[in-house]
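>>> Just to be clear, the model below is a prediction. Sequence and coordinates:
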Amino acid sequence: MTKKLMSIQEKITKAKSVFVWVIVYDGDGEYIQTSKAKLINALRSRPEALDENKFVLREDGDLYVN
């Protein structure tokens, strides 16, 4: 039996909290917490360019976008 992979939308819906990687230093960055609504709005502009591998839903329920 194969395990169904979750879509980006499913990961966002299931997430407890959402963190996105932001470059804030010269060549480095950190995770910044954002809301699910803000993330969804940001992704609407170019959904075809999204890489599902960049959206990692961890076992603790937090979603990290790299």
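Cool, the structure landed. As the structure is a prediction and not an experimental result, all values here were calculated from the model.

>>> Could you check how far residue 17 is from residue 58?
Distance, residue 17 to residue 58, by CB to CB, to the nearest Å: 10 Å. For the C-beta atoms, the positions are set from N, CA and C on the backbone; glycine is no exception.

>>> Pretty sure residue 24 sits in a helix.
No: read with DSSP: H, G, I helix; E, B strand; the rest coil, residue 24 is strand and lies in no helix.

>>> okay, now it: neighbour count?
Counted by other CB atoms under 10 Å, the residues lying close to residue 24 total 9.

>>> likewise residue 18?
23.

>>> and what of residue 8?
Using other CB under 10 Å: residue 8 sits among 19 other residues.

>>> so what's it closest to, chain neighbours aside?
The shortest distance from residue 8 to any non-neighbouring residue, by CB to CB, 6 or more residues apart in numbering, is to residue 55 (5.1 Å).

>>> I'd guessed that neighbour sits against residue 9; true?
No: using CB atoms under 8 Å, residue 55 is not in contact with residue 9, being 9.8 Å away.

>>> Done for today, thanks.
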